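Chemist: please find the sequence and the predicted model below.
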Amino acid sequence: MKKIFDQLNLFNQCKKYGLPIWQCPQFLFLIMGIIIILSSLLTYAIGNRYIEDPLLVALLVIIISVVLLIIASTITRNFETLAETNRMKSEFVSIVSHQLRSPLSNLKWVIEILMSGKVCPVAEEQIEYIQILRENSKRMDELVSDLLTVSRIEQNRLPLQEEKTSLKKLVVKIINETEILAKASNVEIEFSFDDEMPEIVFDPSQVKLAIANLVENAVRYAKTKGLVKVRLKKQKNNLCLEVEDNGVGIPEKDQKYIFQKFFRSENAKKHQTEGSGLGLYIAKSIIEKSGGKMGFYSKENKGSTFWLTLPIK
């Protein structure tokens, strides 16, 4: 009996699939049921007006209702299969990501021990190979972390530890941490901001992940001797952050896909072979979950400007 009630409970079913109620198959079936009832009543009213035989009217209503019910049932079942497949995929990604973290942590620990020379002396020609191991283990760790974050977003389980803090200080910290990459890429980062920036409520660790992704992307895709402009300003009831670069830009045909998972435009692949295509999806999801918005405007071979807003609470 409890199982039957659980299946009838829309909120439980939607929670199970990690979907908002208006995207849930059971909610769709409910809406289609209402449409079927209205269609039956409309058919009866029209039939009663133009057909004299009441039995023929009743038969027509039954036939139309049965056909619509079969269609609704088929569509709902297909949507339910897709939702269940998506849920299983998210669970699989989550489990695999968790399982990979432990061996990766052990690998990083072993590499650091070898680099330190505590186990045995390391020859100079061996250090280069160990450095390659370190870089690749770091990339693997970043990919696993991104996959785990995506899984949490899809299952609506991304935790937000909100606190009142300074967005300006967070941006300064991110820029300082990106300076090494910027110098290596021969890129200059400029930061400008309005006076008297208020503190706002957000999760510093999650929002840092989103902003760092925008700044690092701008540096990676900037031209040689490039310039990245970071601007923070107050707009009505929001703080607005813009990250502008003079890099490769995004082709117009690719712009509608830019926030999709695993998507990377062709010119970006040519410029930077590394990348999973998850960063912008994660960044946008974090900002929207924090009550803000994210977007961009870009011209191919001219550069891009990504912007985000966070509400002043």
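Modeler: Cool, got the structure.
Chemist: helices or strands next to the host helix or strand of Ile111 in the packing?
Modeler: Element membership of Ile111, judged by DSSP states H and E, is helix 54-116. Applying 3 or more Cβ pairs under 8 Å, 6 or more residues apart in numbering; DSSP states H and E, we find helix 54-116 packed against helix 10-17, helix 25-50, helix 124-154. For the C-beta atoms, the positions are set from N, CA and C on the backbone; glycine is no exception.
Chemist: can you add mean neighbour count and give the ones you listed back as CSV?
Modeler: Shown next, in CSV, are the helices and strands packed on helix 54-116 (neighbours: other Cβ atoms under 10 Å):
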stretch, mean neighbour count
helix 10-17, 16
helix 25-50, 15
helix 124-154, 15
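Chemist: got those helices as a markdown table, with distance to Glu190 columns?
Modeler: Output for these, formatted as a markdown table (distance: least, Cβ to Cβ, whole Å):
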| stretch | distance to Glu190 |
| --- | --- |
| helix 10-17 | 45 |
| helix 25-50 | 49 |
| helix 124-154 | 27 |
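Chemist: between the ones you listed, which gets nearest to Pro251?
Modeler: Evaluated with Cβ to Cβ, the helices and strands packed on helix 54-116 place helix 124-154 nearest to Pro251, the distance being 23.9 Å.
Chemist: identify all contacting residues around whichever helix or strand comes after the closest one.
Modeler: Later in the chain than helix 124-154, the nearest helix or strand by DSSP H and E is strand 163-165. If you take Cβ atoms under 8 Å, 6 or more residues apart in numbering as the criterion, strand 163-165 is touched by 199-204.
Chemist: of those, closest to Ile250?
Modeler: Nearest member of the contacts of strand 163-165 to Ile250, counting by Cβ to Cβ, is Phe202, at 26.8 Å.
Chemist: give the contact list for that closest one.
Modeler: So Phe202 contacts 162-163, 165, 167, 290, 310 (Cβ under 8 Å, 6+ apart).
Chemist: among those, the buried ones, what's the PyMOL command?
Modeler: To isolate the buried ones among the contacts of Phe202 in PyMOL, judged by 16 or more other Cβ atoms under 10 Å, type:
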select buried, resi 167+290+310
